[in-house]
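Q: Provided below are the primary sequence and the corresponding predicted coordinates.
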Amino acid sequence: MRAVIDACVLYPSVMRQIVLGVAQAGLMTPIWSDRLLGEWVRTAARHGGPADEALAQGDVAALGLAFPAARIMPDPALQARLWLPDSGDVHVLATAITARADKIVTLNLRDFPRAELSAHGIAAIHPDALLYALWIEQPRILGDVVAGVHARAEHLSGAVLPQRALLKRARLPRLAKALG
């Protein structure tokens, strides 16, 4: 599966780490554009200030090394022909079309109407639904990815963090219940 990862999935660190962990495990091929990566960095700066912005820029550089084929430049002429309810998301659809993606992984499903996407053979999916479906297919791999992200979160926080609560805060309630 080839999936464009929307910026709203890249910013929250736990969600991003799980989605990218699944990609590193070979269960999906991630795709993004410079604009999506830039949105992630700007969101990090807006919510966490210069320190979070610097961390996001470092993560963007690391992603370039880990997934060198993930960065796609959508055609501006294609973008001009597309429509979505939020015109700011047209570049996401253009990136998906250019990359021949199957999915757009996003928290903003309403911004990606099924009729507009299906005409291009693309579907939008919430990260929780995607990860739950992958857990059904590959429970051991998903469990290992989540366990690694959970351990890292506990290490960084210096506190015990219940896995289910961590996943729920990361807006992954179905995955949290499945791994419960």
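A: Sure, I can see it. Numbering: from 1, shown residues only.
Q: my guess is V4 is in a helix, correct?
A: No: assessed with DSSP: H, G, I helix; E, B strand; the rest coil, V4 is strand; it does not lie in a helix.
Q: from H91, how far out is Q163?
A: Distance check for Q163 against H91: by CB to CB, to the nearest Å, it reads 35 Å. C-beta here means a position set from N, CA and C on the backbone, and glycine is covered the same way.
Q: again, but for A124
A: Remark: distance between A124 and H91 (CB to CB) = 14 Å.
Q: looking at the two, which one has more neighbours?
A: Counted by other CB atoms under 10 Å, A124 and H91 do not tie: A124 has more neighbours, with 25 against 21.
Q: Three-state assignment for that one, please.
A: strand.
Q: that one touches F112, doesn't it?
A: Yes: A124 is within contact range of F112, at 3.7 Å (criterion: CB atoms under 8 Å).
Q: for the protein, which segments are assigned as helices?
A: For the chain, the helices defined by DSSP state H cover 7-10, 13-24, 34-66, 76-81, 90-99, 114-118, 127-137, 139-157, 163-169, 173-179.
Q: show me the one of those that comes nearest L107.
A: Nearest of the helices of the chain to L107, taken as CB to CB: helix 7-10 at 4.6 Å.
Q: neighbours of D59, just the number please.
A: 20.
Q: next one: it from S13, what distance?
A: 9 Å.
Q: how about V160?
A: Remark: distance between V160 and S13 (CB to CB) = 18 Å.
Q: for the nearest residue to L131 once chain neighbours are set aside, give me the pLDDT.
A: Excluding the flanking residues, the one nearest L131 by CB to CB, 6 or more residues apart in numbering is L175, at 4.7 Å. pLDDT for L175: 97.
Q: likewise L82?
A: Looking at L82, its pLDDT reads 96.
Q: what sits against it?
A: Going by CB atoms under 8 Å, 6 or more residues apart in numbering, L82 touches V90, L93, A94, I97, E116.
Q: counting neighbours, what do you get for the first one?
A: Applying other CB under 10 Å, we find 19 other residues in the vicinity of V90.
Q: thought D34 was touching A70?
A: No: the pair D34 / A70 is not scored as a contact, 11.2 Å apart, by CB under 8 Å.
Q: quick one, which of the two is more surrounded?
A: Between D34 and A70, A70 has the larger neighbour count (other CB under 10 Å), namely 20 against 14.
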